[in-house]
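Visitor: would you be able to build a 3D model of this:
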Amino acid sequence: MGSTSDKIKGAANEAIGKARQGVGEATGSDRLKGEGIVQEIKGKGQQAMGDAKDAAKEAIDRAAGAAKRAAD
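Guide: All right, here's what the predicted structure looks like:
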């Protein structure tokens, strides 16, 4: 999965998780609040994975550029 799709899925999970927490709060459902918290954390993790993939790609691109310049 690419970094963009990780970030999109993460944002969606985070938003849905927050909504579930709100519904759980409004209805007094501890189970729904808990599920919302878990889903929100999952979303944050997915977004972090997307950020890490972007950082790794940037580092690889910089290293490749430096190697190419050194070879020239």
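
Visitor: contacts for stretch 19-36, please.
Guide: The contact list for stretch 19-36 (C-beta atoms under 8 Å, 6 or more residues apart in numbering) reads 16-18, 37, 39-40. Bear in mind the C-beta positions are built from the backbone N, C-alpha and C, glycine included.

Visitor: can I get the residues you listed in a markdown table with secondary structure, neighbour count and pLDDT?
Guide: Shown next, in a markdown table, are these (DSSP: H, G, I helix; E, B strand; the rest coil; neighbours: other C-beta atoms under 10 Å; pLDDT from 0 to 100):
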| residue | secondary structure | neighbour count | pLDDT |
| --- | --- | --- | --- |
| 16 | helix | 16 | 97 |
| 17 | helix | 20 | 97 |
| 18 | helix | 15 | 97 |
| 37 | helix | 15 | 97 |
| 39 | helix | 20 | 97 |
| 40 | helix | 20 | 97 |
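
Visitor: quickly note the distance from the residue most central in space within the chain to residue 6.
Guide: Nearest to the mean C-alpha position of the chain, by C-alpha atoms, centre = their mean, lies residue 47 at 1.2 Å. Look at residue 47 and residue 6: by C-beta to C-beta, to the nearest Å, they are 7 Å apart.

Visitor: sorry, back to before: and the residue nearest to the centre of the chain, which helix or strand is it part of?
Guide: helix 30-71 (DSSP states H and E).

Visitor: report the distance from that helix to the chain centre.
Guide: 7 Å (C-alpha atoms, centre = their mean, to the nearest Å).

Visitor: ditto for stretch 6-20
Guide: 8 Å.

Visitor: equivalent analysis for stretch 59-72, please.
Guide: For stretch 59-72 - counting by C-alpha atoms, centre = their mean - the centre lies 29 Å from the chain centre.

Visitor: same question for stretch 27-45.
Guide: With C-alpha atoms, centre = their mean, you get 16 Å for stretch 27-45.
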